[in-house]
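1. Give me coordinates for this.
(4 chains)
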Protein chains: 2
Amino acid sequence: MMDQKQEMYEFVNRGNEHYMAHISIDSVIFGFHANQLKVLLVKIRHDDRWALPGGFVRKEETMEEAANRVLSERTGLNNIFLQQFHVFSEIHRSNTEKFLEILRSEGIKVEKNNWLTQRFISVGFYALVNYEDAIPSRSWDSEVCEWFDLQNVGELILDHNKIIEAALETMRRQLNFQPIGYNLLPEKFTMPELQKLYETILDKSLDRRNFQRKMLGYGILDRLEERRKGGAHKAPYLYRFNLEEYQKALKEGLQGGW
Amino acid sequence: MMDQKQEMYEFVNRGNEHYMAHISIDSVIFGFHANQLKVLLVKIRHDDRWALPGGFVRKEETMEEAANRVLSERTGLNNIFLQQFHVFSEIHRSNTEKFLEILRSEGIKVEKNNWLTQRFISVGFYALVNYEDAIPSRSWDSEVCEWFDLQNVGELILDHNKIIEAALETMRRQLNFQPIGYNLLPEKFTMPELQKLYETILDKSLDRRNFQRKMLGYGILDRLEERRKGGAHKAPYLYRFNLEEYQKALKEGLQGGW
DNA sequence: ACAAAAGTGTTCCCCCTACACCCATGC
DNA sequence: GCATGGGTGTAGGGGGAACACTTTTGT
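-> The predicted structure follows:
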């Protein structure tokens, strides 16, 4: 069993045997909790800023497989909704100096022309996970892994703020063509919860009654007998996506001018 | 002045000094002519199939710059609407054997572990050009460069058919959010021509009168005094995009359920 | 004169918008 | 009982869909 430092050394100095040079992925992992859109961020050692969970692409896996691997490492989940949305390729987007500095302060020797100090382009993915199911977990190259409110991400490393912005914009445009609600919510949810999700993503408030009518009009939701007990006030119904109808409807697009 | 063979040799055996390994681009260049969507294809030597014009990324340029460079090489045009839409990363998408075979039949020596024989992922771009302005031109690695009707592309090399499909699908979804009409048509055009373009992209027929009303309703077209003479029947008006209004409208999206 | 294509106008109806009202629950 | 939130209903209007009529041009 290798210890952590050895593992890191192996990765830095022999990673190029297993990973493709120049290519990385960064994932914007969205969750929804307490009426807030959340993003999963990790904290790299020796930098007080946070970062998107990212990774590299093994020589025998596709981009999608790589993104899936990273996602499952960070959330413990498999078969998650995951979609690439943009390639970020600004020439100086990666910061070689900073990276070397961090490695050296860890006591890792880095050979000249190390593969990690070269230019990297990054394929941005966004993922939608059920907040309650995900178990954020750190890995060897990061200290901490946590959910952040979308408004409180602060300044991230490199171009990661820009990547989140682009992911959000993509999600907004795809709201009517992708199973966004299905993947971000738990199996059972109330109509107000679904509405809050839409309002958060679109950043605008919607009429309660029209939202409900429209949603039900799609015929993609099954109302359950249960209601959400416990909360104050009238107990709302619980709904569940009718997966079959949902898939069918998404093919056409949920004609919705929000 | 290097001859062609020497140029090719340089590229194959020393290209890795200037280009990034593992990464290529492929461009789906759309044009519109005679009421048909066209795609620009090139024919590689020693293969009877056609291919998308593609290229590699120089170490000091972004993906977008690389795509622009290729585009300008193939069409003679600059500042063209160009947009990346997907990364294709299937592991065996590139065909090393076939590639080596072609080079050898050209009499080019290829060293072991040549950079071009490694796995490549490709970033797909789609471009919209004014058919009449573009001058298809071959380059050192291809014999011919020609426009094809979208229906007649036949079987292309590698995954290029799939790439075209994806580009079309993307264009369809972005029809109301990108200046698609503006870039595919000449400066002056008639309403029926614009309609044909929409019908071709969407692969459905639209009502002449409703289309006109809707388009004019956006306020993005200026009607000119001129009419298209010469054709049989009543001479249609010519229109021109009002670029200022167009940009403004696109920001909101041309709310159009076609 | 006639056919074919283009310009313009009208009607209908659906769906989105905007509201008002009633019901349940906790304090 | 009252405040708050959730479920349901309704009137009105804008715009898309479907259609008719007129105008122009070449044969």
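2. Please count neighbours and contacts with C-alpha atoms only from this point.
-> Will do.
3. in the stretch 151-258 of chain A, which spans are strands?
-> Using DSSP state E, counting those that start in this stretch, the strands found in the stretch 151-258 of chain A span residues A:221-227, A:237-241.
4. now the last one, how far from the centre of its chain.
-> If you compare the mean C-alpha spot of strand A:237-241 with that of the full chain, they lie 24 Å apart, counting by C-alpha atoms, centre = their mean, to the nearest Å.
5. what do you get for the first one?
-> Offset of strand A:221-227 from its chain centre (C-alpha atoms, centre = their mean): 29 Å.
6. Indicate each strand paired with that strand and its parallel or antiparallel sense.
-> Looking at strand A:221-227 with DSSP bridges, its partner strands are strand A:237-241 (antiparallel).
7. so does the strand it pairs with get close to DNA strand C?
-> No - no part of strand A:237-241 sits near DNA strand C under the criterion C-alpha under 7 Å from any atom of the strand; the closest distance found is 10.3 Å.
8. near DNA strand D at all, that strand?
-> Yes - Strand A:237-241 comes into contact with DNA strand D (C-alpha under 7 Å from any atom of the strand), by way of A:Y237.
9. send the alpha carbons of that strand over as PDB?
-> Output in PDB follows, covering the C-alpha atoms of strand A:237-241 (Å, rounded to 0.1, in the frame of the first residue of the first chain):
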ATOM      1  CA  TYR A 237     -48.700  16.700  -2.300                       C
ATOM      2  CA  LEU A 238     -45.700  14.600  -3.200                       C
ATOM      3  CA  TYR A 239     -44.900  14.000  -6.800                       C
ATOM      4  CA  ARG A 240     -42.700  11.600  -8.700                       C
ATOM      5  CA  PHE A 241     -41.500  11.900 -12.300                       C
END
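10. The residue of the stretch 101-250 of chain A found nearest DNA strand D - how many residues pack around it?
-> Relative to DNA strand D, the nearest point of the stretch 101-250 of chain A is A:P236 (3.5 Å; C-alpha to the nearest atom of the strand). A:P236 has 16 neighbours, counted by other C-alpha atoms under 10 Å in any protein chain shown.
11. Give me the phi and psi for it.
-> phi -80, psi 160 (degrees, to the nearest 10).
12. what's near enough to touch it?
-> Contacts for A:P236 (C-alpha atoms under 8 Å, 6 or more residues apart in numbering or on different chains) come out as A:T190, A:M191, A:R227, A:R228, A:K229.
13. The residue nearest to the first one when sequence neighbours are not counted and A:G230, how far apart?
-> Yep, that's A:T190 we're talking about. With sequence-adjacent residues excluded and distances taken as C-alpha to C-alpha, 6 or more residues apart in numbering or on different chains, A:T190 is closest to A:L238, at 4.7 Å. Distance of A:L238 to A:G230, computed by C-alpha to C-alpha, to the nearest Å: 13 Å.
14. okay, these two: which has more neighbours?
-> A:L238 (21 against 8).
15. list the contacts for A:Y126?
-> A:S27, A:V28, A:I29, A:F30, A:L82, A:Q83, A:Q84, A:F85, A:A167.
16. Touching stretch A:114-123 from outside, list them.
-> Residues contacting stretch A:114-123 (C-alpha under 8 Å, 6+ apart): A:12-13, A:15-16, A:21-26, A:84-94, A:96, A:99-100, B:87.
17. tell me the mean pLDDT for it?
-> In this model, stretch A:114-123 has an average pLDDT of 91.
18. where are the low-confidence patches of the stretch 101-250 of chain A?
-> A:140-142 (pLDDT under 70).
19. near DNA strand D, which residues of it?
-> A:T190, A:M191, A:P192, A:R209, A:N210, A:Q212, A:A232, A:H233, A:K234, A:A235, A:P236, A:Y237.
20. Need the max-distance pair from those residues.
-> A:N210 and A:A232 (23.3 Å; C-alpha to C-alpha).
21. More neighbours: these two, which one.
-> Neighbours were counted for A:N210 and for A:A232 using other C-alpha under 10 Å; A:N210 has more, 10 against 6.
22. could the contacts of A:P236 go into JSON lines alongside neighbour count and distance to A:G76?
-> Conversion of the contacts of A:P236 to JSON lines gives the following (neighbours: other C-alpha atoms under 10 Å in any protein chain shown; distance: C-alpha to C-alpha, whole Å):
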{"residue": "A:T190", "neighbour count": "18", "distance to A:G76": "26"}
{"residue": "A:M191", "neighbour count": "20", "distance to A:G76": "28"}
{"residue": "A:R227", "neighbour count": "16", "distance to A:G76": "30"}
{"residue": "A:R228", "neighbour count": "13", "distance to A:G76": "28"}
{"residue": "A:K229", "neighbour count": "12", "distance to A:G76": "30"}
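23. Looking at those, which is nearest DNA strand C?
-> Among the contacts of A:P236, A:K229 lies closest to DNA strand C (C-alpha to the nearest atom of the strand), at 7.0 Å.
24. A:K43 - nearest residue in space that isn't next to it in sequence?
-> A:K43 sits nearest to A:W50 (C-alpha to C-alpha, 6+ apart), 4.6 Å away.
25. any idea how far A:D159 is from that neighbour?
-> For A:W50 relative to A:D159 (C-alpha to C-alpha), the value is 12 Å.
26. Kindly report the same for A:N210.
-> From A:N210 over to A:D159 (counting by C-alpha to C-alpha), the distance is 39 Å.
27. ok, now A:S137?
-> 23 Å.
28. before we move on, what about A:F56?
-> With C-alpha to C-alpha as the criterion, A:F56 and A:D159 are 17 Å apart.
29. which neighbours does the strand ranked longest in chain A have in its sheet, and in what orientation?
-> Taking DSSP state E as the criterion, chain A has its longest strand at strand A:19-33. Its sheet considered, strand A:19-33 pairs with strand A:36-44 (antiparallel), strand A:54-58 (antiparallel), strand A:121-128 (parallel) by DSSP bridges.
30. and that strand, how far from the chain's centre?
-> The answer for strand A:19-33 is 7 Å, by C-alpha atoms, centre = their mean.
31. circling back: restricted to helices, list the residues of the stretch 101-250 of chain A next to DNA strand D.
-> Mapping those onto helices (DSSP state H) picks out A:M191, A:P192, A:R209, A:N210, A:Q212.
32. Nearest to chain B among these?
-> Taking C-alpha to the nearest C-alpha as the measure, chain B lies nearest A:N210 of these, at 19.1 Å.
33. In contact with A:S72, which residues?
-> A:N78.
34. mind checking pLDDT for the closest residue to DNA strand D within the stretch 1-150 of chain A?
-> Residue of the stretch 1-150 of chain A nearest DNA strand D, by C-alpha to the nearest atom of the strand: A:N35 (11.2 Å). At A:N35, the predicted lDDT confidence score is 88.
35. tell me, how many neighbours does the residue nearest to it when sequence neighbours are not counted end up with?
-> What sits nearest to A:N35 in space, not counting adjacent residues and going by C-alpha to C-alpha, 6+ apart, is A:K196, at 6.1 Å. Using other C-alpha under 10 Å, A:K196 has 21 neighbouring residues.
36. how much space between the nearest residue to A:P192 once chain neighbours are set aside and A:Q6?
-> Excluding its sequence neighbours, the residue lying closest to A:P192 (C-alpha to C-alpha, 6+ apart) is A:R208, at 7.7 Å. Between A:R208 and A:Q6 the distance is 56 Å, computed by C-alpha to C-alpha.
37. what's near enough to touch A:R93?
-> A:F120, A:L158, A:D159.
38. Which one of the residues you listed sits in the busiest neighbourhood?
-> A:F120 (24 neighbours).
39. who in chain A is up against chain B?
-> Counting by C-alpha under 8 Å from any C-alpha of the partner chain, chain A comes close to chain B at A:20-22, A:59-63, A:84-87, A:89-91, A:123, A:255, A:257.
40. among those, which ones are buried?
-> A:20-22, A:59, A:61-63, A:84-87, A:89-90, A:123 (16 or more other C-alpha atoms under 10 Å in any protein chain shown).
41. want to try JSON lines for the residues you listed, with distance to DNA strand C and secondary structure as columns?
-> Shown next, in JSON lines, are those (distance: C-alpha to the nearest atom of the strand, whole Å; DSSP: H, G, I helix; E, B strand; the rest coil):
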{"residue": "A:M20", "distance to DNA strand C": "47", "secondary structure": "strand"}
{"residue": "A:A21", "distance to DNA strand C": "48", "secondary structure": "strand"}
{"residue": "A:H22", "distance to DNA strand C": "46", "secondary structure": "strand"}
{"residue": "A:K59", "distance to DNA strand C": "47", "secondary structure": "coil"}
{"residue": "A:E61", "distance to DNA strand C": "42", "secondary structure": "coil"}
{"residue": "A:T62", "distance to DNA strand C": "39", "secondary structure": "coil"}
{"residue": "A:M63", "distance to DNA strand C": "37", "secondary structure": "helix"}
{"residue": "A:Q84", "distance to DNA strand C": "29", "secondary structure": "strand"}
{"residue": "A:F85", "distance to DNA strand C": "27", "secondary structure": "strand"}
{"residue": "A:H86", "distance to DNA strand C": "30", "secondary structure": "strand"}
{"residue": "A:V87", "distance to DNA strand C": "34", "secondary structure": "strand"}
{"residue": "A:S89", "distance to DNA strand C": "38", "secondary structure": "coil"}
{"residue": "A:E90", "distance to DNA strand C": "39", "secondary structure": "coil"}
{"residue": "A:V123", "distance to DNA strand C": "35", "secondary structure": "strand"}
